[in-house]
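Novice: Make a model of this:
(3 chains)
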Amino acid sequence: MKKKLLALALALTMALGLTACGGGNDTSAADDGGSDTTVSTGTAFKIGVIGPLTGGAAIYGTCVANSAQIAVDEINALGGDIQFELLPAADDVNDAETSVNAYNSLMDKGMQILVGTVTTQPALSVVPLTYDDRVFTLTPSASGDDVIENNDNVFQICFTDSNQGSRSAQYINEHFPDAKIGIIYKNDEQYSIGIRDNFKAEADARGMDIVYEGTFAEANQTDFNVQLTAAQSAGADLLFLPIYYTPASAILTQANALGYKPTFFGVDGMDGILTADNFDASLAEGVYLLTPFSADAEDEMTQNFVTKYQEAYGGTPNQFGADAYDAIYTLYQAIQAAGVTADMATEDICDALIEVMPTISVTGLTSAGSEMTWDANGAVSKDPTAVIIENGTYVTP
Amino acid sequence: MEFLSYLITGISLGSIYAIIALGYTMVYGIAKMLNFAHGDVIMVGAYVSFYVTMFAGSNLLGDDPSTLASGIVALVSVLLAMAVCTVLGVVIEGLAYRPLRQAGSLAVLITAIGVSYFLQNAAQLLFGANPKNFTPIVSGQLTLFGGQLRISYVALLTIAACVVIMLGLTTFTGKSRMGKAMRACSEDRGAAQLMGINVNATISMTFAIGSALAAVAGVLLCSYSPVLQPTTGSMPGIKAFTAAVFGGIGSIPGAFLGGLLLGIIEALAQAYISTQLSNTILFAVLIVVLLVKPSGLLGKYVPEKV
Amino acid sequence: MKSYFKNMKTITKADYATYLGVILAFIVVSICQSQGLVSRSLGGMLVPICCYVCMSVSLNLTVGVLGELSLGHAGFMSVGAFSGIITAMSLQSAVPNDLVRMVIALVAGAFFAAIVGFIVGIPVLRLRGDYLAIVTLAFGEIIKDLINCLLVGWDENGLHIALNVDGTKSMSSLGLSENGIEIIKGAQGATGNARIATFTMGFVLIMITLVVVLNLVRSRTGRAVMAIRDNRIAAESVGINVTKYKLIAFVTSASLAGAAGALFGLNYSNVTAAQFDFNTSILVLVYVVLGGLGSIWGSIIATVVLYVLPEALRQFSDYRMLVYAIVLILVMLATNNPQVRALISRIIPRRKGAAIDE
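Specialist: Residues are numbered from 1 along each chain as shown, chains lettered A, B, ... in the order given. Purely as a prediction, here's the structure:
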C-alpha cells in the first residue's frame, strides 16, 4: 500500500519535474535563441511566432519563421532604438489544441507581441486567448474572417477570405463573361470554404454560370481524377481553385494526364506553384491567379528578400514568408508611430498599437507597390493583382 | 462513358490499394501483427525513386532524353526503391519487431505506430516538409471512342503491375520452398519450427517481400497522384489495411479483391453520391460486409478451440 | 482504523491508493497554481490532461478489461465534444451560471456518446480480434465525416440542424434569425465557443470516471466481463450473457469518453471534427498500452507523462516528434524485455491480484 502510494507520488513528481525542467531549459534556450540578433540589453521587444513547423503544413510555418528572422535581423542591424528579439518559433502542427500549448509556452518566455498564427484553424483557438491577455497580434497569413472579428487586438497582413472570393468573382465576370465555371475546393479548410462561399455569393449576384462544384478533404487531397472527370463532362471551361498550391499542382498534373484543358484561376494560395519541387512549370502556363506577392518580381525589396532567404535557408520563399516579413516591418512602423518601448507592460503596448494601426500605411513585399492600410476591425486593404503565368513567370494581363 | 472512366479510375486506385494490402496481409498472415509502419515504407520508396529520377535527370540524361533512356531511368529508380525498402523492412523487423516476438500483439502494434511516427518525422528532417511533385514514370494517355474516353498510361501500368504481382505472389507461395515455409509458419509457427523451418528467416523474408511491394506501390501511387510528402503513405496505408481486412486478412487473393473493390467503391461514391461522404460510404460497406461475413470476403473461418 | 485497513482486500487498497493519488496530485497542483508556481504552459495543459486521463481510463475498460481492441475511441470523444458544445451554447441565455451549464453539457456529452456507443456496439461486438478493430476504426472515421458535414445553429425557435452532404449548403441555409448563434459550421467545426472548462471540473470528472470504472470492474458485472475476456466460450458455457456484458462495458466506456470530450470541447474556443481522427484514437491507445492493460493508475500516469512529453521536448524543436517516436519504441522494447521485467519485479514485488489483469 505504502509502496504503491510512494510509486504514484514519485511518478507524479517526475512528471511535474519534467515540465518544470522543460520550462527551465526553454528560458535558457530563449536567451541564446536569437543568437544572430544584436540585442541591446533589455530594450528588445519579445516577438513570438506560432505556426506548423512539422506535419503536413510545415512548409508554411517554417517559411514564416525564417522570413520573420530575416526581417528581425535587418531591423536590429539598423541599430535604432527599436530592437526585436524573436523567440524560437513554436510549433503547432496546424492543430488547434497544440497551438494553445504553443501560445502558453511562448507566454512563459515573456512574449509581448504575437506574429501568428500562420494558419486559420489554430488562430481561432489562440486569438481569444490573446484577446483576454491583451497581447497585440498580427497574423501574417491566417486569413479567416472570424480571426479578426470581435478581436480588436488582431490585425491581418493577408487579405480576408471574403475579400478574395468576391474580388475573384468580379475579375472573372469582367474578363470571362461567358465562362462556364467549375469550382474545386477543400471542404475541411476554413480558408478554402471561406473564399468559395464568398465567390459563390458574388457570382450568384452577378448571374454567373457555375456548372460544377467539387470538393475534397485533407484525407484525399492528392487525387482529383473523379472531380476533374465530372467537371469536364459538366462542360466547365474555367476552373476556379480557391486552394493552396500543393493540391493545385496535383490538379494541374492530373488534368493534363486526362487531356482536360480549361482556364485555371487561382487565388493567393496558388502562389508558389512555379517553385514547387520538381513541378513541371509548363503545366501552369496560362494559369490566372490573384496574388499580392511574386518571388520573381524585379523590384529591389523583393530581390533583396528572396536572395537573403535563399542564402540563409535555401529554397524560394512563398507568399506566407513575404507576409511574415511584412508583418515584422509593419510592427516596426507601428511601434515607431505609437512610441512604445519594450519595457512597457504588454497590455499598454497592445492598446497603443491598436490605436495607431488604422493610421499607418506600409509599403511591403505583398502590397504590389501600393500601400497597405488597416481598418479598425483589423482587415488589411491592399490591391490584389491578377496575373497570368507566361513562360514561367507572372505577367500582368 | 463517364461511368467507364470513373470505373477505370477506381480500378487503378484499387490496384494500388491491393499492392499495399498484399504487404499488410502477408505480414499479418505470418507474423500475426499489424504493421502500421507499412504505409510509411511506401513513402520512403517513393522518395528514393524521386531522388534517383531527379539525379538522373540532371546528371545523366541530356535535355531531350529518348523514350528508351527515360524508361531505363524509371526502371532503375523503381529497382533501387525496392532495394532500399527491402533493406529498410528487414532492419525494422530485426530492430523493432523481433525483440517483441513473445510479447502481446498490442505491444507490437504500439511499436509499429512508433516506427511509423519515426519514419514520417525522419523523412521530414531528411527530405524537408515541402511537398515534391513526382514525375509520373510514364506519361500520356490512351484515347478511345474519338476522345470520349481517356485512360492514362499510368492507370494501365498500375493495373498491369497489380495483376503481375498478384500472379507472381500466388505462384511463389504455392510452389517455391520459401513460399511453402511461409505458409507453414502462418499455419502454425511452433510446428513449423519443429519441422526445421527457420521461422525468423521466414519472417524477415516476408518483411522483405512486403516492403519491396510497398516500394512499387509508392512509385505507382505517386505517379497516379503526384504529390509526395512525408505523410503521403499514411492514408493509403489505412485504406489498404481496410482492404486487407475486407478481403479477409491473411489471404493473398483476398487482399487483391478487397483492394480493387475498395478503389471502385471509393471512386464511384465520390462521383455519384458525395465526395464528402466517400469514406463514410466505403467504411459503411466494409461494416456491412464484415457483419455478413465476419472474417472478410475470402478469409478463412477458424473455428474456436475449446 | 488500522485493523480496518489490514482486513481490506489488496485490490481495494490499490483502488483507494489510486483515488488518493489523484486527490493528492490535484491538491498539490492547485496549491502550486495558487502560489504562481505553475507555468502557463503547464497550466494550460491541465484541462486537456484531465480529459485524456478520462479517455485512457475509459479506453482501458474496453481494451484492458473487456479485451477488445478499439481504434475509434476518439469518435466518442468527438460526439461528446460537439453535443456538449451544442448544449452549452444553446443554454447560454437560459442557464447563465457557467458551472451549471458545464455540468449539463458534460451530462449531455456522456448521454449522446452512450447512445452512439450503443448503436456502434451492437454490430461491432459481434466481431472478433482485428476485424473488430478495423470496424471501430471505420466508425471513428464515419463519425468524423458526418460531423464534418454537420451545420448547427440556434435561435429562439430552437435548434437548426442541416447535413451538408453535397457541399452546396452553408450556414445561411439554416435560416437562423437575427440573434441566432452559429454553433457548428461543418468542417470548420465549432467556433467562438465559450471557454468554461476548469481544472476543478476536470478533477471531478476524473474522480467520477475512476469511481465508475473501478466499481464496475470490482462488481459482479466486471467479473463477468473479465471472464469473457479470458475465455469467451467458458464464460458462455456458465451462462454469462456475453453480448449484454460486452455492451455494458463498451457503452460505459463510450459515455465516459463523451463526458471527457465535452470537457475538452468547452476548453477551446474552436474545435473541429478533424481533431478527433484516427491519430487521436491511436494516441489514447498508446497511453493505455504503455500504462499497462487493465491497470488504471498505470493509464493515468502514462497519460500525464506522455501528454506532457512532446511539450517538454519543445526545446528539441524540429527533432521533437522524432525523439517522441524513439522514446515510444524504446519504452515498448524495454518494458517487454524479459531481463528488464525481471528487474522491475525485483524492485516492485507484485502481489497477486494487485492489478486487474495479473
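Novice: all contacts plus neighbour counts: C-alpha atoms, from now on.
Specialist: Noted.
Novice: residues from the stretch 1-150 of chain C in reach of chain B?
Specialist: By CA under 8 Å from any CA of the partner chain, the part of the stretch 1-150 of chain C that sits against chain B consists of C:123, C:126-127, C:131, C:134-135, C:138-139, C:141-142, C:145-146, C:149.
Novice: my bad, should have said the stretch 201-350 of chain A
Specialist: Residues of the stretch 201-350 of chain A lying near chain B (CA under 8 Å from any CA): A:214-217, A:219, A:222-227, A:229-230, A:233, A:246-247, A:249-250, A:253-254, A:257-259, A:276-279.
Novice: Where neighbours are concerned, which of the residues of the stretch 1-150 of chain C next to chain B has the most?
Specialist: residue C:135 (28 neighbours; other CA atoms under 10 Å in any protein chain shown).
Novice: Assess the claim that that one and residue C:124 are in contact.
Specialist: Yes. At 6.5 Å, residue C:135 and residue C:124 qualify as touching, with contact defined as CA atoms under 8 Å.
Novice: Low-confidence stretches in the chain?
Specialist: Reading this off chain A. Scanning chain A for pLDDT under 70 picks out the ranges A:1-42, A:56, A:219.
Novice: Oops, wrong one, chain C.
Specialist: C:1-8, C:166-168, C:317-318, C:348-358.
Novice: need the contact list for the residue nearest to the spatial centre of it.
Specialist: The residue lying closest to the centre of chain C (CA atoms, centre = their mean) is residue C:55, at 1.5 Å. With contact taken as CA atoms under 8 Å, 6 or more residues apart in numbering or on different chains, residue C:55 is in contact with C:77, C:256-257, C:260, C:284.
Novice: Regarding it, which helix or strand does it belong to?
Specialist: Residue C:55 is part of helix C:40-60 when elements are defined by DSSP states H and E.
Novice: ok, back up a step: by neighbours, which of the contacts of residue C:55 wins?
Specialist: Ranked by neighbour count (other CA under 10 Å), the contacts of residue C:55 have residue C:257 at the top, with 36 neighbours.
Novice: Tell me the secondary structure at it.
Specialist: At residue C:257 the chain is in helix, as set by DSSP: H, G, I helix; E, B strand; the rest coil.
Novice: Now do the phi/psi pair for residue B:133.
Specialist: The phi and psi values for residue B:133, taken as degrees, to the nearest 10, are phi -90, psi 110.
Novice: mind listing what it touches?
Specialist: Counting by CA under 8 Å, 6+ apart, residue B:133 touches A:249-250, A:276-279, B:226-228.
Novice: sorry, back to before: among the contacts of residue C:55, which pair sits farthest apart?
Specialist: The span of those, defined through CA to CA, is set by C:256 and C:284 at 13.6 Å.
Novice: What sits closest to residue B:182 if chain neighbours are left out?
Specialist: Leaving aside its sequence neighbours, residue B:182 sits nearest to residue B:202 (CA to CA, 6 or more residues apart in numbering or on different chains; 6.2 Å).
Novice: Remind me which helix or strand the one you found belongs to.
Specialist: helix B:199-224.
Novice: can you give me the strands for the stretch 1-150 of chain B?
Specialist: B:132-133, B:141-144, B:149-152 (DSSP state E, counting those that start in this stretch).
Novice: With respect to burial, which of the ones you listed scores highest?
Specialist: strand B:132-133 (a mean of 22; mean count of other CA atoms under 10 Å in any protein chain shown).
Novice: What mean pLDDT does it get?
Specialist: Across strand B:132-133, pLDDT averages out at 82.
Novice: same check, this time on stretch B:144-160
Specialist: For stretch B:144-160, mean pLDDT rounds to 80.
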